[in-house]
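>>> Fold the following.
(chains A and B)
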There are 2 protein chains.
Amino acid sequence: MTVTRTLAERVVTGEPAAIARSLTQVERRSAGVNELLADLHRHTRGAHVLGITGPPGSGKSTLVARLTAEYRARGRTVGVIAVDPSSILTGGAILGDRIRMTELAGDPGVFIRSIATRGALGGLSRAALDAITVLDAAGKDVIVLETVGVGQAEVDVLSAAQTVAVVSVPGMGDDVQAIKAGLLEIADVHVVNKADREGAHKTVSELREMLRLAPHTANGWDVPIRQTIAATGKGVEKLAGTFDEHHEWLDRSGERELRERRNAATRIRWMAEEFVLRDLRPGRADFDAAVDAVVVRSSDPAEAARELVRALRP
Amino acid sequence: MTVTRTLAERVVTGEPAAIARSLTQVERRSAGVNELLADLHRHTRGAHVLGITGPPGSGKSTLVARLTAEYRARGRTVGVIAVDPSSILTGGAILGDRIRMTELAGDPGVFIRSIATRGALGGLSRAALDAITVLDAAGKDVIVLETVGVGQAEVDVLSAAQTVAVVSVPGMGDDVQAIKAGLLEIADVHVVNKADREGAHKTVSELREMLRLAPHTANGWDVPIRQTIAATGKGVEKLAGTFDEHHEWLDRSGERELRERRNAATRIRWMAEEFVLRDLRPGRADFDAAVDAVVVRSSDPAEAARELVRALRP
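Next up, the predicted model:
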């Protein structure tokens, strides 16, 4: 007798084709994707989700490739999700970077995927969160989420990471300052990449000063600044060690649970928004009737929305 | 016997202090603002809402001042709402521009307000839509909504306008092209301001070419290109005439009703989102319980959101 396994079951056994198909469904928000994600959610095992963010040109992609190799050397399986709005514009520049990760391409313990959606940035962030669920259920030990770190939606995505690393490079001037300022409060680790460049010491001391001035979160984690040269791999082993230390600290301090709750809250809110906007749109009889009522002033937008929300049965 | 009138009643009689107070409530989203807007919505009279958008430096503010004077000369009352995210950053640069509209400052038939909110861009757009409701209920004949025209939220705001004018200036190069491309499908009128500058003819012919290539909406309105020199007022009278023609065409073609419905739909959806996100947040007992369930995997984000949405009683 042939037993047909569901897509979710195949993902849970780590089958690459099933992971790839699920991620495509996540990107396209295909019919049935919510049911798939619900099934997968119950099989998530709590991978170490690592958010790596930094401006274009900071060498993030190379750093992620090196880190992946380092984790593999430590016997861990790795999933990489590259979220970059520019991939929508350039039509796959990021994927190009990935393909350069040739040494990792044939390794069944590594799954790499660029996430792009045709929708708005919010859709991209949503797809990235869901991709974490897929790779976590597939049993990856470490999931690396690579983003350019601009915009509120991306910050929301990074809140799904247990460890957030912000990458800077020497000599990028005020742009970097601006990026860092927005990300300062979510950075668990700072990485100065291309640390053989002139100005690396200056960048490190600027970061140190910034951290000194930042209001202490008083949770007992001193945000470290690590220097790397991703091109040669220098500093990457130490960086991976720092990420492990942070992961252990999360468990010890109770912070891990706080972050899981924050992440769950974000996911619930995004799902609720999706349900509401899916059911409240032109073409639905009750919505069209509400629009009529508002146009003729027998109702107002708040009252109409209130009635529609009360009647929602997603 | 003293009769105490409500704030909404005072707005409806056009009292400037009541309009100002209502707009402050709209900006701050004070308690009771939804009730105020519901009252005001029933008193809106269908002002001609004019959206004027263009890049910084295109002379929008001067053009709006000239147009306002022109409408006053035609005996119409005017409300101006300036929406510009930069006003958040510069702390009132726009308001500075407004104050330069000295000839209009003492005119009770004109109400001018810059809209800024401390929240996200979405909050700003929301406040702008609500400000239209206030000024419409206050009986302004024409409401001019001035925006820099970037981002989806701003495009949503412009969808509240009956007539959308996109302002370009000669010699701004590719930036202008990029802005125009995104706004092309919502422009009812193109304005080339600073038309005495070198390159004005080139800009006009580029626009003409762009319009020729754009897929025709086939609704019978030929998008005109008008040239103005806002600094001297040249072309402004003709532009106001074009806006009037468009307004008449909206009524004749049935397009006005379509736009009113689209606008009502946007307002209802935004209100619904607000209700959902207000009630689905940490600190609410049912939300916190749902977060717990998702964290321990006895539920998943979609199921949790579904149950919470079903229970909503905004």
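>>> contacts, neighbours, all on C-alpha from now
Noted.
>>> what sits up against the host helix or strand of A:L207?
A:L207 is located in helix A:200-213, with elements delineated by DSSP states H and E. Contact with helix A:200-213 is made by A:168-171, A:184, A:192, A:194, A:223, A:225, as judged by Cα atoms under 8 Å, 6 or more residues apart in numbering or on different chains.
>>> next one: stretch A:235-249
Counting by Cα under 8 Å, 6+ apart, A:48, A:63, A:66-67, A:70-71, A:162-163, A:188-189, A:221, A:226-230, A:255 sit against stretch A:235-249.
>>> what about dumping the CA coordinates of that stretch to CSV?
C-alpha atoms of stretch A:235-249 as CSV (Å, rounded to 0.1, in the frame of the first residue of the first chain):
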residue,chain,number,x,y,z
GLY,A,235,37.1,36.5,12.8
VAL,A,236,34.2,34.3,11.6
GLU,A,237,34.9,31.5,14.0
LYS,A,238,35.0,33.9,17.0
LEU,A,239,31.8,35.5,15.7
ALA,A,240,30.0,32.2,15.6
GLY,A,241,31.2,31.6,19.2
THR,A,242,29.8,35.0,20.2
PHE,A,243,26.4,34.0,18.7
ASP,A,244,26.5,30.7,20.6
GLU,A,245,27.2,32.7,23.8
HIS,A,246,24.3,34.9,23.1
HIS,A,247,22.1,31.9,22.5
GLU,A,248,23.1,30.4,25.9
TRP,A,249,22.5,33.8,27.6
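>>> Just the buried residues of that stretch, please?
A:235-236, A:239-240, A:242-243, A:246-247 (16 or more other Cα atoms under 10 Å in any protein chain shown).
>>> that older thread, give me the mean pLDDT for the helix holding A:L207.
Helix A:200-213 shows an average pLDDT of 86 in the prediction.
>>> Could you please name the strands the following helix or strand past that helix pairs with and the direction of each pair?
Per DSSP H and E, the first helix or strand lying C-terminal to helix A:200-213 is strand A:225-227. The strands beside strand A:225-227 in its sheet (DSSP bridges) come out as strand A:189-192 (parallel).
>>> Could you pull up the mean pLDDT of the strand it pairs with?
Here strand A:189-192 scores 94 as its mean pLDDT.
>>> Return the alpha-carbon coordinates of that strand using PDB.
C-alpha atoms of strand A:189-192 as PDB (Å, rounded to 0.1, in the frame of the first residue of the first chain):
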ATOM      1  CA  VAL A 189      26.100  41.900  18.400                       C
ATOM      2  CA  HIS A 190      27.900  44.500  16.200                       C
ATOM      3  CA  VAL A 191      30.100  43.300  13.400                       C
ATOM      4  CA  VAL A 192      32.700  45.500  11.800                       C
END
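>>> ok, A:A293 - contacts?
Neighbouring residues of A:A293 by Cα under 8 Å, 6+ apart: A:299-300, A:304.
>>> what about the helices in the stretch 51-200 of chain A?
A:60-73, A:86-90, A:93-99, A:102-105, A:121-137, A:152-158, A:174-183, A:200-213 (DSSP state H, counting those that start in this stretch).
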